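Enquirer: give me a 3D structure for the following:
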Amino acid sequence: MNDRRLSALLPVAPAVAMVLALFVYPLGMSLVTAFTAPDGRPSLENFVKAFELYGTDILFTVLIVTVSTLLTGVFAAAIGGYLVLGAHPGVVAVLKSIYRWPLFIPFIVAAQCMRTFLAKNGLMNNTLGALGLVDIANLSGLLDWRDIIVTFVWKQTPFVALLVSGAMAALDRATIEAAANLGAGGLRILVEIILPQVGLILAFVTMLSVLSVPIMISGGSPTMIAVDMAFRVNSYSDYGVANALGFASYAIAGLAAWIYLRRNVASGGTP
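Expert: Coordinates of the predicted model:
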């Protein structure tokens, strides 16, 4: 019996070893470092310093990622719904051909594209000026928190829309009718039955960890946690505070996952 188990584990041993070496071990070391003072003793100094210096950035990160996730859900539901229920085949075909493009564009390229498009003298303002619709001299760029949200939503919406359109296409209409008969409104049906919330959770966690977008677009203060972590490491080699900020990111992501699981358990669904 032991030989059978060993032979079954051997094929996956290289993958398990790689996960342990490249993910589990670094994660464990980052957690240990976050709770260790510079002199090597267990301490919460890194967390105190992190919240003193970057407390505003932590709140800013939660706000940006939450708003981006909500907007992503709205646009993904609209796109997915139209792909499945749209009455104009031509519009559906065009939408199918273009909405997935951001899936294949890295975040760093998306950030550079948005810098070019939304700057004061960027493509959008210059186009509007050329059409005589606005006076460029009186305009300002959107290279701040607004552009971060725009970039996140533009990049993540196709991913969630794919899940939404697939879920809606495979959905039994009797499920929707049963929910409506039990008193569920249209918005509740959309959120709890049609919209795959796991896609929003994955989008939330992805946006939480992105460095290129906030550092290339905003560059000011407040900024996002990922930028602060890179700054502490590159400027001060302060891995303790950087890992404390990383722990804050884990906590935020864990809270989002806990809310998702709690909602599924409360509604009797399968996570």
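
Enquirer: toward the C-terminus, what is the element adjacent to the least confident helix or strand in the chain by mean pLDDT?
Expert: Ranking every helix and strand in the chain by mean pLDDT, DSSP states H and E puts helix 186-189 at the bottom, with a mean of 56. Using DSSP states H and E, the next helix or strand after helix 186-189 towards the C-terminus is helix 197-209.

Enquirer: same question for the first helix or strand past that following helix going along the chain, mean pLDDT?
Expert: Downstream of helix 197-209, the first helix or strand assigned by DSSP H and E is helix 212-217. What helix 212-217 shows for mean pLDDT is 89.

Enquirer: could you give the angle of the longest helix anywhere in the chain to helix 197-209?
Expert: Identified as the longest helix of the chain according to DSSP state H is helix 45-85. Going by axes from the mean of the first three to the mean of the last three Cα atoms, to 10 degrees, helix 45-85 is angled at 140 degrees with respect to helix 197-209.

Enquirer: pretty sure residue 239 is touching residue 32, no?
Expert: No. If you go by Cβ atoms under 8 Å, residue 239 and residue 32 don't touch, sitting 10.6 Å apart. C-beta: built from backbone N, CA, C; applies to glycine.

Enquirer: which one of those two has more residues nearby?
Expert: Taking neighbours as other Cβ atoms under 10 Å, residue 239 and residue 32 compare with residue 239 leading, 19 against 11.

Enquirer: pLDDT score for the more buried one?
Expert: 93.

Enquirer: pretty sure residue 125 sits in a helix.
Expert: Yes. Counting by DSSP: H, G, I helix; E, B strand; the rest coil, residue 125 is located in a helix.

Enquirer: please begin residue numbering at 884 from this point
Expert: Shifting the count to begin at 884 puts that one at residue 1008.

Enquirer: how close does it sit to residue 1042?
Expert: 29 Å (Cβ to Cβ, to the nearest Å).

Enquirer: do residue 939 as well
Expert: Distance from residue 939 to residue 1042, by Cβ to Cβ: 29 Å.

Enquirer: and for residue 895?
Expert: From residue 895 over to residue 1042 (counting by Cβ to Cβ), the distance is 28 Å.

Enquirer: swap in residue 1030?
Expert: For residue 1030, the distance to residue 1042 - Cβ to Cβ - is 20 Å.

Enquirer: between these two, who's got more neighbours?
Expert: The residue with more neighbours, out of residue 1030 and residue 1042, is residue 1030; 22 against 19, by other Cβ under 10 Å.

Enquirer: any idea how far the helix or strand the more buried one falls within is from the middle of the chain?
Expert: Under the criterion of DSSP H and E, residue 1030 resides in helix 1028-1053. Its chain's C-alpha centre and that of helix 1028-1053 lie 10 Å apart, by Cα atoms, centre = their mean, to the nearest Å.

Enquirer: next, the buried residues of that helix.
Expert: 1028, 1030-1048, 1050-1051 (16 or more other Cβ atoms under 10 Å).

Enquirer: same question for stretch 941-956.
Expert: 941, 943-945, 947-948, 951-952, 954-956.

Enquirer: for stretch 1103-1115, same thing?
Expert: For stretch 1103-1115, by 16+ other Cβ under 10 Å, it's 1105-1112, 1114-1115.

Enquirer: any weak-confidence spans in the protein?
Expert: 884-886, 967-970, 1024, 1050-1081, 1102, 1147-1154 (pLDDT under 70).

Enquirer: recalculate using a threshold of 50.
Expert: 1153-1154 (pLDDT under 50).

Enquirer: for residue 1101, give me its contacts.
Expert: By Cβ atoms under 8 Å, 6 or more residues apart in numbering, the contact set of residue 1101 is 1026-1028, 1030-1031.

Enquirer: please read the previous query as pertaining to residue 927.
Expert: Here residue 927 is in contact with residue 918 (Cβ under 8 Å, 6+ apart).

Enquirer: residue 943 too?
Expert: Counted by Cβ under 8 Å, 6+ apart, residue 943 has contacts 1028, 1105-1107.

Enquirer: go on, residue 1093?
Expert: Counting by Cβ under 8 Å, 6+ apart, residue 1093 has contacts 990, 1035, 1107, 1109.
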